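Peer 1: Attaching a predicted model along with its sequence, questions to come.
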Amino acid sequence: MNFEVGGRGAFAYTAAHELDPAKPTVVFVHGAGLDHSSFGLQSRYFGYHGRNVLALDLPAHGRSDGPALSDIREMADWVSEALRSLKIPKAAVVGHSMGSLVTLELAARHPEQAERIAFVGVAFPMKVGAPFLEAAKANDYSAFDMHTIWGHGAQVALAGNPSPGMWMHGDALARLERLAPGVLYAGLKACNDYAAGLESAAKVKCPALFILGRRDVMTPLRAAKALQERIAGAKTVEIAASGHALMAEAPDATLDALIEFLSLEKPKG
Amino acid sequence: MAAPKYPSLDTLALHAGQSPDPATGSRAVPIYQTTSYVFRDTEHAASLFNMERAGHVYSRISNPTVAVLEERMAALEGGVGAIATASGQAALHLAVATLMGAGGHIVASASLYGGSHNLLGYTLKRFGIDTTFVNPRRLDEWKRAIRANTRLLFGETLGNPGLDVLDIPSISAIAHEAKLPLLVDATFTTPVLMKPFALGADLLYHSATKFLGGHGVAIAGVLVDSGRFDWEASGKFETLTAPYAGFHGMDFEEESGTRAFLLRARREGLRDFGACMAPMTAFHILQGIETLHLRMPRHVENTRRVVEFLSRHSQVEKVIYPELPGHPDHALAKKLLPNGCGAVFSFEITGGRPAGKRFIESLRVFSHLANVGDAKSLVIHPATTTHYRMSDADLKNAGITAGTVRLSIGLEDAQDLIDDLERALKASAK
């Protein structure tokens, strides 16, 4: 659906459903350089299982107008404003990578809007290597290559995609190529500069879940530890066969973890 | 920090799309000879049907063996994904049917495989889809032929049988200016000799029956999407950007962005038209692809030797191969096909139709049949076979005469091939 945040056009995928005030809402926040479709299977599931779904396109990503934001707190405020604009008082929020930092900040800065939060592939600090950052700043194609290769488990370069017929590296590159110049850099810089993680984690009062890939080289398991330790009662699900792109590399395991966390029902099988 | 690297084409040809079978450890791609897949429970079944989970439901829509081939081809071509089809013709039809319905229009190169010419020029017309054929070398013709209802530009990377080299960078620029995609048939070049997406094409397909398989044992096709064409921004593709009642009101572009075309092609095209690939066929084609990077250079090397021989022969009027300086696309070929112009080419024999008949019937190593891209060398007379339904004017436009003979050079010893040709040319003069 198209709507406005701060007078600019914004888009959220709703799984072809109208928002229903009587239903609970799940918000999905994508990572740097990505868009709502990175949560394709998972967001669709919840849209067809009794939830409002808002898989957002952050400013300058997907179908939302720019300019891109380059500060995690500004992004969290943008999500907060998006929820207000859509008259959603409270939602479960699921973030991936950069989106997980946005989710953390939303829970810290706007706790009344975050019912529960899930981090998919998170690290703090989320430092970005200088060559990657510099390449993105220069809008050099090698930034897309680094994003693509490090953004997936090493096995993805050769092994099978759970979604029949699709090539994960090719899909990642095609999506990145649609970005306007500077947008990837804005996201990476926001991750790299974000310094409030520990303080914000200590402020989280709602239930929290970490979904982490054991083959993640971009936000490796150990890099989530500081946040895990500071969020009281947080649960963790480790997915053995996934790198950083958990929603694509291990779609069912990621979905099952979210289903259990959002208490819709117990995963089966 | 060292810059990361993708696996090379040679490695992808052997591995992409498959890890050892988790159930058995099988290193080779298993042939999942099954029509259907047991659901874990009713909830799992519903989730698969509604595309909330990844997996297989019914082998007309997807199959694990076929999926390995699809992913491998997407990796080799640099696409977002692929759909394997029952034949190359099925791949072309699937592409067209996914992009348009009655009232649609295609601008296509006149230098096409006869089967493609039939589909576009006659059969699709019956379903309300018109095609304007243009001289592929005339960029102004491509531009002029585009109408308000045009939905696709289409050509072969190497035209059939005149080996017109498709100027993909220029034609894709024309297409993109008109907010249209360019589809190419890349059968003759394969990803070893050309990467059409890197040159600007948006969609491509192969008759996998040919070089991809290489063995001549299976009819197959594969359609690959680059994922680079922005259907939403174009505003011309309702099939991809408007809610589709046939799939719960799904807006394919909104649902999946870069994957929209393949999503509709699979969920509608394979579901409803049903021209899917059998798992055994996928296995056969995969066996071929594992050696594609080794075979194509040998095909090209043998072709160059045969072309050189024929070019010097007194009973040969003309050899049509883009690496020859006299070919109209020689300069373009140097730019777009630096590793070779494939292994299929034509020549004109002195003495016209009777000489051609004697020549073909005198060959011993070359097989006279209607195929190309086999490991074995092949020969055919287009005017009486592959292009026999075309009018004289269309034949002329496609660069075919009564004396045109088409060869597909295989992997035999090059001198044996030359000896065979020499003997047959001698016989043709009697």
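Peer 2: That came in fine, so what should we check first? All of these numbers come straight from a predicted model, not from anything done at the bench. Residues are numbered from 1 along each chain as shown, chains lettered A, B, ... in the order given.

Peer 1: shaky segments in the stretch 251-400 of chain B?
Peer 2: Where the stretch 251-400 of chain B drops to pLDDT under 70, the residues are B:398.

Peer 1: can you pull the buried residues of the host helix or strand of residue A:82?
Peer 2: Residue A:82 is part of helix A:72-85 when elements are defined by DSSP states H and E. The neighbour-count check on helix A:72-85 (16 or more other Cβ atoms under 10 Å in any protein chain shown) flags A:72, A:73, A:75, A:76, A:77, A:78, A:79, A:80, A:82, A:83 as buried. Bear in mind the C-beta positions are built from the backbone N, C-alpha and C, glycine included.

Peer 1: Packing partners of it?
Peer 2: Contacts defined by 3 or more Cβ pairs under 8 Å, 6 or more residues apart in numbering or on different chains; DSSP states H and E place helix A:72-85 against strand A:2-5, strand A:8-13, strand A:25-29, strand A:52-57, helix A:98-109, helix A:183-193.

Peer 1: Can I get that helix in CSV, CA atoms only?
Peer 2: Below are the C-alpha coordinates for helix A:72-85, written out as CSV (Å, rounded to 0.1, in the frame of the first residue of the first chain):
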residue,chain,number,x,y,z
ILE,A,72,19.5,4.5,12.6
ARG,A,73,17.6,6.7,15.0
GLU,A,74,16.1,8.7,12.1
MET,A,75,15.0,5.4,10.5
ALA,A,76,13.4,4.3,13.8
ASP,A,77,11.6,7.6,14.0
TRP,A,78,10.5,7.2,10.4
VAL,A,79,9.0,3.7,11.2
SER,A,80,7.3,5.2,14.3
GLU,A,81,5.8,7.9,12.1
ALA,A,82,4.8,5.3,9.5
LEU,A,83,2.8,3.4,12.2
ARG,A,84,1.2,6.6,13.5
SER,A,85,0.3,7.6,9.9
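
Peer 1: Let me know the angle separating that helix from strand A:8-13.
Peer 2: Calculated by axes from the mean of the first three to the mean of the last three Cα atoms, to 10 degrees, helix A:72-85 forms an angle of 80 degrees with strand A:8-13.

Peer 1: Run the angle between helix A:72-85 and strand A:25-29 for me.
Peer 2: 150 degrees.

Peer 1: For helix A:72-85, give me every contacting residue.
Peer 2: With contact meaning Cβ atoms under 8 Å, 6 or more residues apart in numbering or on different chains, helix A:72-85 is reached by A:3-6, A:10, A:12, A:27, A:29, A:54, A:56, A:58-59, A:69, A:89, A:91, A:93, A:98, A:101-103, A:105-106, A:108-110, A:113, A:190-191, A:193-194, A:196.

Peer 1: so what's residue B:60 closest to, chain neighbours aside?
Peer 2: residue B:276 (4.8 Å; Cβ to Cβ, 6 or more residues apart in numbering or on different chains).

Peer 1: that older thread, okay, the helices and strands packed on helix A:72-85 in TSV with mean neighbour count next?
Peer 2: TSV is the format used below for these (neighbours: other Cβ atoms under 10 Å in any protein chain shown):
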stretch	mean neighbour count
strand A:2-5	15
strand A:8-13	20
strand A:25-29	27
strand A:52-57	26
helix A:98-109	27
helix A:183-193	23
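
Peer 1: Show me the one of the ones you listed that comes nearest residue B:334.
Peer 2: With respect to residue B:334, and counting by Cβ to Cβ, the nearest of the helices and strands packed on helix A:72-85 is helix A:183-193 at 35.6 Å.

Peer 1: Check the stretch 101-250 of chain B for the residue nearest chain A and tell me.
Peer 2: residue B:227 (3.2 Å; Cβ to the nearest Cβ).

Peer 1: circling back: run through the residues that contact the residue nearest to residue B:60.
Peer 2: When contacts are counted by Cβ under 8 Å, 6+ apart, residue B:276 touches B:59, B:60, B:61, B:63, B:66, B:84, B:85, B:86, B:270.

Peer 1: for the residues you listed, which one is nearest residue B:429?
Peer 2: Looking across those and measuring by Cβ to Cβ, the closest to residue B:429 is residue B:86, at 43.2 Å.

Peer 1: what residues are up against the closest one?
Peer 2: B:219, B:220, B:221, B:275, B:276, B:277, B:278 are the contacts of residue B:86 under Cβ under 8 Å, 6+ apart.

Peer 1: State the distance from the last one to chain A.
Peer 2: Residue B:278 sits at a distance of 15 Å from chain A (criterion: Cβ to the nearest Cβ, to the nearest Å).

Peer 1: That residue and residue B:372, how far apart?
Peer 2: Per Cβ to Cβ, to the nearest Å, residue B:278 is found 22 Å from residue B:372.

Peer 1: Kindly report the same for the fourth one.
Peer 2: Spatial separation of residue B:275 from residue B:372 under the definition Cβ to Cβ is 21 Å.

Peer 1: Which stretches in the stretch 201-350 of chain B count as helices?
Peer 2: B:231-234, B:238-241, B:252-256, B:260-264, B:279-289, B:292-311, B:330-336 (DSSP state H, counting those that start in this stretch).

Peer 1: again but with the stretch 51-200 of chain B, I slipped
Peer 2: With DSSP H, counting those that start in this stretch, the ranges of helices along the stretch 51-200 of chain B come out as B:64-77, B:88-99, B:114-118, B:124-126, B:139-145, B:168-177, B:190-193, B:196-199.

Peer 1: what sits up against the fifth one?
Peer 2: Residues outside helix B:139-145 that contact it (Cβ under 8 Å, 6+ apart): B:107, B:132, B:134, B:135, B:136, B:153, B:167, B:170, B:171, B:174.

Peer 1: before we move on, the earlier item: for residue B:278 and residue B:372, work out which one has more neighbours and name it.
Peer 2: residue B:372 (26 against 19; other Cβ atoms under 10 Å in any protein chain shown).

Peer 1: is it true that that one touches residue B:344?
Peer 2: Yes - using Cβ atoms under 8 Å, residue B:372 is in contact with residue B:344, at 4.7 Å.

Peer 1: okay, and the common contacts of the two?
Peer 2: B:188, B:406, B:408.

Peer 1: Strands - which of those land there?
Peer 2: Judged by DSSP state E, these include B:406, B:408 as members of strands.

Peer 1: returning to what we had before: would you mind giving me the confidence score for the residue of the stretch 101-250 of chain B closest to chain A?
Peer 2: For residue B:227, the model assigns a pLDDT of 98.

Peer 1: If I follow the layout properly, it ends up in contact with residue A:171?
Peer 2: Yes - using Cβ under 8 Å, residue B:227 makes contact with residue A:171 at a distance of 6.2 Å.

Peer 1: Of the two, which one has the most company?
Peer 2: Neighbours were counted for residue B:227 and for residue A:171 using other Cβ under 10 Å; residue B:227 has more, 31 against 28.

Peer 1: contacting residues around that one?
Peer 2: A:170, A:171, A:174, A:175, B:79, B:80, B:81, B:258, B:259, B:261.

Peer 1: In JSON lines: the residues you listed, plus distance to residue B:352.
Peer 2: Listed next are the contacts of residue B:227 as JSON lines, based on distance: Cβ to Cβ, whole Å:
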{"residue": "A:170", "distance to residue B:352": "49"}
{"residue": "A:171", "distance to residue B:352": "53"}
{"residue": "A:174", "distance to residue B:352": "50"}
{"residue": "A:175", "distance to residue B:352": "56"}
{"residue": "B:79", "distance to residue B:352": "44"}
{"residue": "B:80", "distance to residue B:352": "49"}
{"residue": "B:81", "distance to residue B:352": "48"}
{"residue": "B:258", "distance to residue B:352": "52"}
{"residue": "B:259", "distance to residue B:352": "52"}
{"residue": "B:261", "distance to residue B:352": "46"}
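
Peer 1: quick one: which of these is nearest residue B:412?
Peer 2: For those, the nearest to residue B:412 is residue B:79 (33.0 Å; Cβ to Cβ).

Peer 1: Surely that closest one is in contact with residue B:197?
Peer 2: Yes - Residue B:79 is within contact range of residue B:197, at 6.4 Å (criterion: Cβ under 8 Å).

Peer 1: Looking at those two, which is more packed in?
Peer 2: Ranked by neighbour count (other Cβ under 10 Å), residue B:79 and residue B:197 place residue B:79 first, with 31 against 26.
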